[in-house]
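Trainee: Structure of the sequence below:
(one chain, ligands or ions: 1)
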Amino acid sequence: MTTDGDDLEKRLVGLLQETGQDNVLHQPLAELWQTHQDLVYRLERITRISDAYQSLAKEREMSLVSRVDKQLRQLEKIVRISDRYQHMMHDLNIALQEAASHDVLTGLPNRRLLTDRLREASERYRRYGRPFSLAMIDIDHFKSVNDRFGHETGDNVIIEVARVLDAEVREEDTCGRWGGEEFLLLLPETEAPAAGLLGERLRQAIERLTIRHKDESIHITASIGIAAHGDASSYSETINHADNALLQAKRAGRNQCVTTASAQAIPF
Ligand SMILES: Nc1nc2c(ncn2[C@@H]2O[C@H](COP(=O)(O)OP(=O)(O)OP(=O)(O)O)[C@@H](O)[C@H]2O)c(=O)[nH]1
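Mentor: Numbering: from 1, shown residues only. Model (predicted):
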């Protein structure tokens, strides 16, 4: 209510007091005053309701914004977690693939990966006539290494032989652990004579190897069987041929390299 309004109210109250009940103006003035009071009361009520409504709406608007903000933050967090999770899954996948395809002791391709590569190589041979050879390498009298120096030293011997073989072959070749103390080399684009020369080089490298056990030096030798993949043969037949050549090398006294083509021990 304004100051003018206040004055008018005072004057009205004054007039009501001054005019007696018997005055003809008293009754209309009293009704007018009552009507005015009612109006003021209603106006104040409406104002209060409107104020309350406005602050409620503002509060709702505020909480809506903060709720959206909160949800956005949660979403960002979920995206971050999901990114991290995906990276972890990616790394885990690589680790799993590595574990499934590589030998734990030597880190070389295992039998499964070798078999995959063999299948690919024989497919390339069938389609495009690309040659390949296999070399089966077996450490001689390895049981006696284990028996004499212990299994741990036996493991070290396998690791060292793996290192030598892997270092000697080309990038395109696959040098893997076929099982136990036996290794298989897959040599793409290699015919039997070249594979025989490589086999002999590997035999000599293994012969030169020295493995330390306490104060002792361990020397070992290996026998090697080589076979070139031929027409109308499966890769498992070629493996059998390399195995037979290896058997011949063992029978001929070990520490030698035999190729199936000649089935002759290469003299050293
Ligand atoms: N330390 C160790 N020994 C192994 C591993 N895998 C296989 N061996 C052992 O290698 C030995 C192989 O023995 P054999 O098959 O008799 O062959 P070898 O003594 O090498 O005899 P030849 O092959 O005939 O010269 C066995 O005693 C196996 O227990 C391995 O991962 N670590």
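Trainee: tell me the contacts of the residue of the stretch 101-250 of the chain at minimum distance from the ligand?
Mentor: Residue of the stretch 101-250 of the chain nearest the ligand, by C-beta to the nearest ligand atom: Gly154 (2.7 Å). Placement of C-beta: from N, CA and C, glycine included. By C-beta atoms under 8 Å, 6 or more residues apart in numbering, Gly154 lies in contact with 142, 145-146.
Trainee: Give me the subset of those residues that lies in helices.
Mentor: Counting by DSSP state H, these place 142, 145-146 in helices.
Trainee: Identify, from those, the entry nearest to Gln248.
Mentor: For those, the residue nearest Gln248 by C-beta to C-beta is Phe142; the value is 18.6 Å.
Trainee: Give the burial count for the closest one, as a bare number.
Mentor: Using other C-beta atoms under 10 Å, Phe142 is surrounded by 18 other residues.
Trainee: what does Ile239 give?
Mentor: Using other C-beta under 10 Å, Ile239 has 20 neighbouring residues.
Trainee: Let the chain start at 542 from now.
Mentor: All set: I'll call the first residue 542, so the last point we hit is now Ile780.
Trainee: from what I can see it touches Ala676, true?
Mentor: No. Contact criterion C-beta atoms under 8 Å: Ile780 and Ala676 do not qualify, at 10.9 Å.
Trainee: overlap in contacts of the two?
Mentor: Residues touching both Ile780 and Ala676 (C-beta under 8 Å, 6+ apart) are Leu725.
Trainee: any idea how far Leu566 is from Asp714?
Mentor: In this view, Asp714 and Leu566 are 124 Å apart by C-beta to C-beta, to the nearest Å.
Trainee: Looking at these two now, which is surrounded by more residues?
Mentor: Between Asp714 and Leu566, counted using other C-beta under 10 Å, Asp714 has the larger neighbour count: 20 against 13.
Trainee: Could you verify my assumption that that one touches Leu727?
Mentor: Yes. Judged on C-beta under 8 Å, Asp714 makes contact with Leu727 at a distance of 6.4 Å.
Trainee: List the residues that are in contact with both of the two.
Mentor: Shared contacts of Asp714 and Leu727, defined by C-beta under 8 Å, 6+ apart, are not found at any residue.
Trainee: Could you point out which residue ranges in this protein have low pLDDT?
Mentor: Scanning the chain for pLDDT under 70 picks out the ranges 542-546, 773, 802-809.
Trainee: Show me how it divides into domains.
Mentor: When the chain is parsed with the TED database, its domains come out as 542-640, 652-801.
Trainee: which of these sits most buried?
Mentor: Ranked by mean neighbour count, the domains of the chain are led by domain 652-801 with a mean of 18 (mean count of other C-beta atoms under 10 Å).
Trainee: for the ligand, what are the nearby residues on the protein?
Mentor: With C-beta under 6 Å from any ligand atom as the criterion, the chain meets the ligand at residues 646, 679-684, 687, 692, 695-696, 699, 721-722, 791, 795.
Trainee: Repeat the analysis, applying 5 Å as the threshold.
Mentor: Residues of the chain lying near the ligand by C-beta under 5 Å from any ligand atom: 681-684, 692, 695-696, 721-722.
Trainee: out of those, who's nearest Gln615?
Mentor: Of those, the one sitting nearest to Gln615 (C-beta to C-beta) turns out to be Asp696, at 51.2 Å.
Trainee: Spit out the contact partners of the closest residue to the closest one other than its chain neighbours.
Mentor: Of all residues not flanking Asp696 in the chain, Leu646 sits nearest, at 6.1 Å (C-beta to C-beta, 6 or more residues apart in numbering). Leu646 makes contact with 696, 699-700, 703, 718, according to C-beta under 8 Å, 6+ apart.
Trainee: residue ranges of the strands in the stretch 692-809 of the chain, please?
Mentor: Ranges of strands within the stretch 692-809 of the chain are 715-720, 723-729, 752-754, 757-759, 763-769, 798-800, based on DSSP state E, counting those that start in this stretch.
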